[in-house]
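Asks: Got a predicted structure plus its sequence, pasted below:
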There are 2 protein chains.
Amino acid sequence: MLHFTITARSTETSARSGIIETMHGTIQTPIFMPVGTLATVKSLTPENLIQCGAQIILGNTYHLYLRPGCEVIQQFSGLHQFMNWNHPILTDSGGFQVFSLAKLSKISEQGYSFQSHIDGSKHMLTPENAVEIQTCLNSDILMCLDQCIAYPAEKKTAAEALQLTARWAERCNQAWVKTCQNNSLFGIVQGGMFPELRKQSAESLVKLNFPGYAIGGLSVGEPKELMLEMAEITLPLLPHNKPRYIMGVGTPEDLVEMVSLGADMFDCVMPTRNARNGQLFTSSGNINISNSRYRTETGPADPECNCYTCRNYSLAYLRHLYISRELLAYHLNTLHNIYYYLNLAQKMREAIAGDTFQEFKRNFYHKRKQSP
Amino acid sequence: MLHFTITARSTETSARSGIIETMHGTIQTPIFMPVGTLATVKSLTPENLIQCGAQIILGNTYHLYLRPGCEVIQQFSGLHQFMNWNHPILTDSGGFQVFSLAKLSKISEQGYSFQSHIDGSKHMLTPENAVEIQTCLNSDILMCLDQCIAYPAEKKTAAEALQLTARWAERCNQAWVKTCQNNSLFGIVQGGMFPELRKQSAESLVKLNFPGYAIGGLSVGEPKELMLEMAEITLPLLPHNKPRYIMGVGTPEDLVEMVSLGADMFDCVMPTRNARNGQLFTSSGNINISNSRYRTETGPADPECNCYTCRNYSLAYLRHLYISRELLAYHLNTLHNIYYYLNLAQKMREAIAGDTFQEFKRNFYHKRKQSP
């Protein structure tokens, strides 16, 4: 099971830095986890990820269960060997993708029944087999199956969903306790945009004494202020000595705000997906690489960035590759964005260690000029 | 200008190995040149290419002239700095792509008039500006503009094409002598599938005393035996002390045969394009990575291969990535195929140096089990 140690705290904010020890190595927090949906962080090799400063990546259980399937990954004793990544892996439960991707998904006390978005084949995702599949993937951190809800949602819907999520968390916990030894199961707080439901959800999960906790159901279409309000209310309800993970969030500004509120872990497709759509995150704001202003620009995307892309390639070359739809465009853009996110996490860790987080935050906003 | 030294000769075949010195470094021959059409060998970084053993790459003048255009590449003093490849580059003249890709191309004594396949804009490619564009690209080796013909072609058509090619070669030579100093211009032998026309073409070009010679118009749909016959007839007509380049060829077997006949340089889209279509070249034959027999196969694509892909990934993983259309599939497959071709070239150089080329050839065919 993981071991979490807090190594520094910010005195002016709730930010903290720490170390999570897992069976596949150590993670320094706050940390961003690149998304490796199908046993690959799109366009990057494991060596590229390490060069970018990645310490842990995320795999999507729904996708991996359907393709290549557990039978294949079992031949490799799990995801690490299959994809040649010998560092920590967190997997989600699959619930969110069943909710958002699968065909004809139906929810019941038992779990989700759904049809594959690939071939229409019928499947069932229960708390028990969500743990079983993640165990087969040999994840270092497993997530409980939860019920995701759309935004906006009625309070009644949100309440029922969090109650089902709580009952499923118990079943996940039982399945995990039975079968797992070296990995860790995180509970997921739901409750929509209702403070008292978030509180109710957190309390029911804390009783189960999970090794870590996540906040789910954020960044689902709600206004930014509401997202931050929910995080601000929920984070203090979670055990202070356990890792706190905000699922599916977010922009660089979101990460800085969430760390400020005491969050430790993040995942988001934004740096990878936006890279493939030509958006680069830089210390002075976001840029669209297809912009004609970069046609003959010999300088790098971000002069302050020390990533492979910025050290070796000009904006003009990146624009040319992107306009030409060259495969190298996706690689170089992704490499830069992942480096940007991981470097941001590292800068936050340093600022927390030096207790200069507020100053870091002011400089960050001053340079980025993006609204939070 | 380049300097070519022959360092070893096979006694049983016409194979030879040598060294070409250029302003951007040294090339050991026989050598395969990966195709980097748009200032990138698709999906690979320059570092990947070096790891694969690449010594020289090819750029396509037609493509680069249209996109990003000379105006952009001039900002970087040429292709090397633009694409971060500080080793030799050979560029074609653009003639073949005008012939095969451009819209409404028309040929006259002056040159090709054509419309861009991208935006329909009108352009003119003459012997003089083919040299000028390649000079702007700062290529180490430039190619003369030639007239390409379809297969099959009438003898009269082939004769007229080679005569125009000869007149253009003179004009290219004059343009090159005027403007260039550090790079080298190669003449291209045409003549279709007619031995006496090949002879006529070679003789007219040899008079111009180019630093190197290419054989064009092969691998255009003719039977394999005819291609090899044309090469066998033409190669001895070219100066023995100059590099000989077979354009657009070919399979691993083609390379072995052509080296056996005394050729030194090759380029072909086959390793890169086929990689993107899921075909891997291996020491024991070609494989299609999407084949279901590889679904749970934990071994590498080629146990004898020392490339990054084979050292780190299983057939099952490569199949999974390819079936899932993951970007990493194209990268890992391309890396393997380019390594395979460059390793084949290296093995041939070693065999020539040790005068064991015939033995090498027997083993090669015995293992590959592909027809030549």
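Replies: Arrived safely. Numbers count the residues shown, from 1 in each chain, chains lettered A, B, ... in the order given.
Asks: Get me the contact residues on the stretch 1-150 of chain A for chain B.
Replies: With CB under 8 Å from any CB of the partner chain as the criterion, the stretch 1-150 of chain A comes near chain B at residues A:38-40, A:42-45, A:67-68, A:71-72, A:75-76, A:82-84. For glycine as for every other residue, the C-beta is placed from the backbone atoms N, C-alpha and C.
Asks: run the last query once more with 6 Å
Replies: Counting by CB under 6 Å from any CB of the partner chain, the residues of the stretch 1-150 of chain A close to chain B are A:38, A:40, A:42-43, A:68, A:72, A:75, A:82, A:84.
Asks: which two in the residues you listed are spaced the farthest apart?
Replies: Greatest spatial distance in the residues of the stretch 1-150 of chain A next to chain B: A:43 and A:75, 25.1 Å, computed using CB to CB.
Asks: can you list the residues of the stretch 151-300 of chain A near chain B?
Replies: Close to chain B, as judged by CB under 6 Å from any CB, the stretch 151-300 of chain A has residues A:296, A:298.
Asks: where along the stretch 151-300 of chain A do the helices fall?
Replies: A:155-179, A:195-206, A:224-234, A:252-260, A:270-276 (DSSP state H, counting those that start in this stretch).
Asks: still on that earlier bit, are any of the residues of the stretch 1-150 of chain A next to chain B buried, and which?
Replies: Among these, those classed as buried by 16 or more other CB atoms under 10 Å in any protein chain shown are A:38, A:40, A:42-43, A:68, A:72, A:75, A:82, A:84.
Asks: now, which of those sits nearest residue B:34?
Replies: Scanning those for proximity to residue B:34, where the rule is CB to CB, the winner is residue A:43, at 19.3 Å.
Asks: how about that closest one, what does it touch?
Replies: Residues counted as contacts of residue A:43 (CB atoms under 6 Å, 6 or more residues apart in numbering or on different chains) are A:330-331, A:334, B:327.
Asks: With residue A:180 instead?
Replies: So, once contact is read as CB under 6 Å, 6+ apart, residue A:180 ends up touching residue A:135.
Asks: cutoff 10 Å now
Replies: A:1, A:131-132, A:134-135, A:138-139, A:142 (CB atoms under 10 Å, 6 or more residues apart in numbering or on different chains).
Asks: Out of those, which two sit at the greatest distance?
Replies: A:1 and A:132 (18.0 Å).
Asks: Identify the bridge partners of the most centrally placed residue in chain A.
Replies: In chain A, the residue lying closest to the centroid (CA atoms, centre = their mean) is residue A:267, at 1.5 Å. Residues in a beta bridge with residue A:267, per DSSP bridges, are residue A:33.
Asks: Could you report the separation of it from residue B:108?
Replies: 61 Å (CB to CB, to the nearest Å).
Asks: Is it correct that residue A:139 is in contact with residue A:130?
Replies: No. If you go by CB atoms under 10 Å, residue A:139 and residue A:130 don't touch, sitting 11.1 Å apart.
Asks: what do the two both touch?
Replies: Contacts common to residue A:139 and residue A:130, judged by CB under 10 Å, 6+ apart, are A:61, A:91-92.
Asks: residue in the stretch 101-250 of chain A nearest to chain B?
Replies: Per CB to the nearest CB, residue A:118 is where the stretch 101-250 of chain A lies closest to chain B, at 9.5 Å.
Asks: got a pLDDT number for that residue?
Replies: For residue A:118, the pLDDT comes out at 93.
Asks: same deal with residue A:370?
Replies: Looking at residue A:370, its pLDDT reads 68.
Asks: Going by neighbour count, list what's buried in the helix or strand of chain A with the lowest mean pLDDT.
Replies: Lowest mean confidence among the helices and strands of chain A (mean pLDDT, DSSP states H and E): strand A:103-107, at a mean of 90. Across strand A:103-107, burial judged by 16+ other CB under 10 Å covers A:105, A:107.
Asks: before we move on, what about stretch A:82-98?
Replies: Quick answer for stretch A:82-98 (16+ other CB under 10 Å): A:82-85, A:87-98.
Asks: With stretch A:165-175 instead?
Replies: Result for stretch A:165-175 [16+ other CB under 10 Å]: buried residues A:165-166, A:168-173, A:175.
Asks: again, but for stretch A:211-223
Replies: Neighbour counts over stretch A:211-223 (16+ other CB under 10 Å) mark A:211-220, A:222 as buried.
Asks: what do you get for stretch A:38-58?
Replies: Those would be A:38-46, A:48-49, A:51-58, for stretch A:38-58 by 16+ other CB under 10 Å.
Asks: thinking again about what came up before, relative to chain B, how far out is the residue nearest to the residue of the stretch 101-250 of chain A closest to chain B when sequence neighbours are not counted?
Replies: Sequence neighbours aside, residue A:66 is the residue nearest to residue A:118 in space, at 5.9 Å (criterion: CB to CB, 6 or more residues apart in numbering or on different chains). The gap separating residue A:66 from chain B is 10 Å, by CB to the nearest CB, to the nearest Å.
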